[in-house]
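Participant: Any chance you can model this:
(one chain, ligands or ions: 1)
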Amino acid sequence: MTEIPQQRLVRTQIPGPRSNELHQRKLAAVASGVGTTLPIYVQRAGGGIVVDVDGNQLIDFGSGIAVTSIGNSAPRVVAAVQAQVAEFTHTCFMVTPYEGYVAVAEQLNEVTPGAHAKRSALFNSGAEAVENSIKIARHYTGRTAVVAFDHAYHGRTNLTMALTAKNMPYKQGFGPFAGDIYRVPMAYPYRWPTGPDNCADEAFELFVSQVHAQIGESNVAAVILEPIQGEGGFIVPAPGFLAQLADWCTANGVVFVADEIQTGFCRTGDWFACEHEGVVPDLITTAKGIAGGLPLAAVTGRTEIMDAVHGGGLGGTYGGNPVACAAALASIETMRAEDLAGAARRIESVMKPRLQALADKYDVIGDVRGRGAMLAVELVAGSGSSEPNAALTGAVSAECHRQGLITLTAGTYGNVLRFLPPLVIGDDLLNEGLDILESAFADHA
Ligand code: PLZ
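Facilitator: Here you go, the predicted model:
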């Protein structure tokens, strides 16, 4: 295949006629509960560009929700997948195993935070990894309660819906939810009532007192937290909050689970977001960026916790599929060879100052936050009011789409524009995307 020119090209209205035709077929064939952010139908994608069926070339600030960090159809992944798919496609690792699964586990044990002995287990989706982290933590501790946070997102299966904070669209009408799950406030600096400086300590005090009063420390199996919250709005916890939680967990025999499904694999400028805070989780869940777009997920953690589970207690038909494992090995190799953590830091150094300048110009931008190539702006009413502004968020995002820039929104209040470019995107496309964003603010703010 020829390489995709790294250029934006808008040939038709977006979406164009062929996309519209396909979208009519989608509406007639696909369950309407499966939503669409931007109904352009994709033909090819690579680097920082997505090509649609009308020949439009859009700049990608979404990476399929933080998945194609190494770029779509990255050369090493294409080669590894093609080779593996011609050898064998599936045997089920629990029936007759193969090297790729073991090699991925070895890599995960090496790249995740902490020098302690680790083990990994592989699954298909992020939600499945989260479910298994809770199974393992409960089994190890012999306890059942799980603590999650405001604005958390952990998936759409029954147990992970219970962990996810936001009702619409994730939970509405889908209950009853799994039991013994408790929610506590998140250290959300921008919206902390007494200001960001007090946020970490006060949020930690609330955590301690609520767990004590409502659950009892000795009943808690796990505390689960995204080190930067993803769907909840790219909320970076106040500095020190993560470390306080991790220490509390250690002191109380509780398993600290870091859900790094969105933040992992170089996205935030390091292999994992916990590293910025010097925190070593007991268990870590990964997915998304792990395998360059193929479905794979994992739980990695302390050997004594992972190995507490009886033989046969963990698994699934497809977990650690050989093709997905080949893709993961090629992805991790790409991250090392191309220093994609460094690339994420470069992206931050280009984007953050420009987002900050935009915030200085428009008072409807209440907050600029994030790390590496996981950045966001939170939109508010302005003129001193921090009232969430979902309408403007939608309008700016739609304008970006019309101009050929793929943007995503997020946030409990739907008022966060988030940016997740592939880590291999060039500075030209990055700046062009930011130009489009600026013009969208000029038109709508
Ligand atoms: N944990 C931190 O970000 C997936 C969800 C998109 P799955 N986030 C994107 C949507 O609307 O469904 C995610 C995450 C964190 C868990 C998950 C779940 O991962 O692979 O989607 O199951």
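Participant: Send over stretch 403-417 as PDB, restricted to the C-alpha atoms.
Facilitator: Extracted C-alpha coordinates of stretch 403-417, given in PDB (Å, rounded to 0.1, in the frame of the first residue of the first chain):
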ATOM      1  CA  GLN A 403     -13.400  21.600   8.400                       C
ATOM      2  CA  GLY A 404     -11.800  18.200   8.400                       C
ATOM      3  CA  LEU A 405     -10.600  17.900  11.900                       C
ATOM      4  CA  ILE A 406     -11.700  14.900  14.000                       C
ATOM      5  CA  THR A 407     -12.300  16.000  17.600                       C
ATOM      6  CA  LEU A 408     -13.900  14.300  20.500                       C
ATOM      7  CA  THR A 409     -15.800  15.600  23.500                       C
ATOM      8  CA  ALA A 410     -15.900  14.200  27.000                       C
ATOM      9  CA  GLY A 411     -16.900  15.100  30.600                       C
ATOM     10  CA  THR A 412     -19.700  14.400  33.000                       C
ATOM     11  CA  TYR A 413     -21.300  17.600  31.800                       C
ATOM     12  CA  GLY A 414     -20.400  17.100  28.100                       C
ATOM     13  CA  ASN A 415     -18.400  20.300  28.200                       C
ATOM     14  CA  VAL A 416     -14.900  19.100  27.500                       C
ATOM     15  CA  LEU A 417     -13.100  19.100  24.100                       C
END
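Participant: For the ligand, what's the nearest residue on this structure?
Facilitator: Per C-beta to the nearest ligand atom, residue 126 is where the chain lies closest to the ligand, at 2.1 Å. The C-beta positions use only the backbone N, C-alpha and C, and glycine is treated the same way.
Participant: and the helix or strand where residue 44 lies, which residues are buried?
Facilitator: Element membership of residue 44, judged by DSSP states H and E, is strand 42-46. By neighbour count on 16 or more other C-beta atoms under 10 Å, the buried set for strand 42-46 is 43, 45, 46.
Participant: who's in contact with the last one?
Facilitator: Looking back up the chat, that one is residue 46. Contact analysis of residue 46 by C-beta atoms under 8 Å, 6 or more residues apart in numbering lists 3, 4, 71, 72, 73, 74.
Participant: For it, which non-adjacent residue is spatially closest?
Facilitator: Take residue 46 and drop its neighbours on the chain: the residue closest to it by C-beta to C-beta, 6 or more residues apart in numbering is residue 4, 4.3 Å away.
Participant: Kindly confirm my reading that that neighbour is in a helix.
Facilitator: No: Residue 4 is assigned coil when assessed by DSSP: H, G, I helix; E, B strand; the rest coil, not a helix.
Participant: surely it meets residue 51?
Facilitator: Yes: Residue 4 lies in contact with residue 51 (C-beta atoms under 8 Å); the separation is 6.1 Å.
Participant: Overlap of the contact sets of those two?
Facilitator: Jointly contacting residue 4 and residue 51 under the rule C-beta under 8 Å, 6+ apart are 44, 45, 57.
Participant: roughly how far apart are the second one and residue 430?
Facilitator: Per C-beta to C-beta, to the nearest Å, residue 45 is found 17 Å from residue 430.
Participant: now residue 423
Facilitator: Counting by C-beta to C-beta - residue 423 and residue 430 are separated by 11 Å.
Participant: These two: who's more crowded?
Facilitator: For residue 423 versus residue 430, the count of surrounding residues by other C-beta atoms under 10 Å is larger for residue 423: 30 against 21.
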